[in-house]
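>>> heads up, no residue letters with this:
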DNA sequence: GAGAATAGTGACAGCCGCTGACAATTGACA
DNA sequence: TGTCAATTGTCAGCGGCTGTCACTATTCTC
């Protein structure tokens, strides 16, 4: 279906991601040099930087895939849902597809451990947060479009999406550090955290929420 | 009150921050080299890296000051406030003090323009987001402590603070790019965004919120 | 199916951020 | 004033990243 050239490119790209993940997870991100990655794939360093803008990029390639899929999944939702329900439903719907897509490039277990490396490595965490912010802005634009609002003037889409993504982030961090390394667990934690959002904003925390 | 040595250190540090800000704002962050900064202050490059862990650090020094002051101000709040009210009140209380503290190092106008540079420069935005996350975690710990909750097991403090900080971030970005360059305006925007949080989470957006 | 157009790669040189090590200088304090 | 400790400058060097150019591999065209 696709040309030989294209397939070759895809293969080196995937190989770079896989090799990088293995090295990052075993040695740590900072301790791994780009040269080590390229040596293990047998390409030149220059080639690496033709596939990835920088060293962070290869570490966050799968996270980026997540963002793209999530955004696409949002398009498919029916228009009569309330905004918050749309986000929640998109989460549920895109979750398992995502696992399969990841597995085609690196084993899921490796991906999970990479997630922890990201949380623990300042440079990666920073880049990851910025990437999440890009997704957030896309989501806000789409939510506004669906609701027929102008995303520039009406703050509600941005505010809602910001809160939603923030909670997703907290859940992700909690899961990466303390949960068990399964996708289902991650989804469960995330859903639970999102359900805590509205109650947490209310004045009194008298009842148990742990 | 303090020794000569201490004062000298403070002065070089402030001079570095000021020089860096001027260069970043006029030339852009990436286009400015550390050598340019140190030349304009007449210290060696090595000295620069003894004051700042990296180039990003000097650009975010004032943002860091903000975070520290905000966190300290949280301590002073009465314990009988609801968590959300505490955060809101801390915001109001610490705002103007902050302007004064900044002005001692760089002119407020320069600081405002630096804020825009941060939003526009990927590397700086990333570092800024990570720094904000550190503040977020501190705040969550303190909110949990005040409420007598275990921050590990109870998600509510983290969720509340995450949502609050996320909205503050959206407001800050909106103000930096589109608002006028005054502190009062920034506070006004931020307050307004926070007031939109709870309504934005509700199901229907029928009423006008712009 | 041969040759032209194009895409992808490797090799090399070089800038810049950042660090370790050691020597030189400067302020603190008796 | 002399000693000690803190601060700084100098130098060498690593690693991330980029521009350039020649070379190779594929796709396209006739």
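Received it, and whenever you're ready, just let me know what you need. Being a predicted model, the structure only gives us computed values, none of them experimental.
>>> what's the domain layout of chain A?
A:1-54, A:60-209 (automatic domain parsing).
>>> ok, and does the last one reach over to DNA strand D?
No: using CB under 7 Å from any atom of the strand, no contact is recorded between domain A:60-209 and DNA strand D, whose separation bottoms out at 8.8 Å. In this view, the C-beta of every residue, glycine as well, is placed from N, C-alpha and C.
>>> list the buried ones in the helix or strand bottoming out on mean pLDDT in chain A?
Ranked by mean pLDDT, DSSP states H and E, the weakest helix or strand in chain A is helix A:197-201, scoring a mean of 90. By neighbour count with 16 or more other CB atoms under 10 Å in any protein chain shown, helix A:197-201 contains the buried residues A:197, A:200-201.
>>> how about stretch A:110-124?
For stretch A:110-124, by 16+ other CB under 10 Å, it's A:110-115, A:117-118, A:121, A:123-124.
>>> and what of stretch A:142-162?
A:142-144, A:146-147, A:149, A:151, A:154-162.
>>> which is the next helix or strand following the helix or strand where residue A:118 lies?
Using DSSP states H and E, residue A:118 sits in helix A:108-120. Note on helix A:108-120: by DSSP H and E, the next helix or strand toward the C-terminus is helix A:122-147.
>>> now that next one and helix B:122-147, what's the angle there?
Orientation of helix A:122-147 against helix B:122-147 (axes from the mean of the first three to the mean of the last three CA atoms, to 10 degrees) gives an angle of 90 degrees.
>>> what's the helix or strand where residue A:71 lies packed up against?
Remark: residue A:71 resides in helix A:61-75, with elements defined by DSSP H and E. Contacts defined by 3 or more CB pairs under 8 Å, 6 or more residues apart in numbering or on different chains; DSSP states H and E place helix A:61-75 against helix A:83-103, helix A:108-120, helix A:122-147.
>>> and those helices: which comes nearest residue A:191?
Smallest distance to residue A:191 across these (CB to CB): 7.3 Å, for helix A:83-103.
>>> what sits against residue A:59?
Counting by CB atoms under 8 Å, 6 or more residues apart in numbering or on different chains, residue A:59 touches A:20-21, A:24, A:29, A:114, A:117-118, A:124, A:127.
>>> hmm, which two among these are most spread apart?
A:21 and A:127, at 15.3 Å, using CB to CB across these.
>>> any residues of chain A in contact with DNA strand C? List them.
A:5-6, A:8-9, A:12, A:42-47, A:50-51.
>>> turn these into a markdown table, including neighbour count and secondary structure.
Formatted as a markdown table, these follow (neighbours: other CB atoms under 10 Å in any protein chain shown; DSSP: H, G, I helix; E, B strand; the rest coil):
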| residue | neighbour count | secondary structure |
| --- | --- | --- |
| A:5 | 8 | helix |
| A:6 | 10 | helix |
| A:8 | 10 | helix |
| A:9 | 14 | helix |
| A:12 | 16 | helix |
| A:42 | 10 | coil |
| A:43 | 17 | coil |
| A:44 | 11 | coil |
| A:45 | 12 | helix |
| A:46 | 8 | helix |
| A:47 | 13 | helix |
| A:50 | 12 | helix |
| A:51 | 15 | helix |
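>>> near DNA strand D too, which of those?
Among the residues of chain A next to DNA strand C, DNA strand D is touched by A:5-6, A:8, A:45-46 when using CB under 7 Å from any atom of the strand.
>>> for those residues, which one is nearest residue B:102?
residue A:45 (42.4 Å).
>>> hmm, residue A:39 and that closest one touching each other?
No: assessed by CB atoms under 8 Å, residue A:45 is found out of contact with residue A:39, at 9.1 Å.
>>> pull the most distant pair out of the ones next to DNA strand D among the residues of chain A next to DNA strand C.
A:6 and A:45 (22.9 Å).
>>> hmm, stretch A:170-187 touching chain B?
Yes: contact of stretch A:170-187 with chain B (CB under 8 Å from any CB of the partner chain) involves A:170, A:174.
>>> now do that stretch: distance from first to last residue.
13 Å (CA to CA, to the nearest Å).
>>> so what's the most centrally placed residue in chain A up against?
Centroid-nearest residue in chain A: residue A:63, 3.5 Å away (criterion: CA atoms, centre = their mean). For residue A:63, the contact set (CB under 8 Å, 6+ apart) comprises A:118, A:128, A:131.
>>> any weak-confidence spans in chain A?
Applying pLDDT under 70 to chain A flags residues A:1, A:203, A:207-210.
>>> ok, now with 80
A:1-2, A:179, A:181, A:203-204, A:206-210 (pLDDT under 80).
>>> residue of it with the smallest distance to DNA strand D?
The nearest approach of chain A to DNA strand D comes at residue A:5, 2.6 Å away (CB to the nearest atom of the strand).
>>> do you know how far that residue is from residue A:60?
26 Å (CB to CB, to the nearest Å).
>>> tell me which of the domains of chain A sits most buried.
domain A:60-209 (a mean of 18; mean count of other CB atoms under 10 Å in any protein chain shown).
>>> secondary structure class for the nearest residue to residue A:166 once chain neighbours are set aside?
In space, residue A:166 comes closest to residue B:166 once its chain neighbours are excluded; the distance is 3.6 Å by CB to CB, 6 or more residues apart in numbering or on different chains. At residue B:166, secondary structure determined by DSSP: H, G, I helix; E, B strand; the rest coil is helix.
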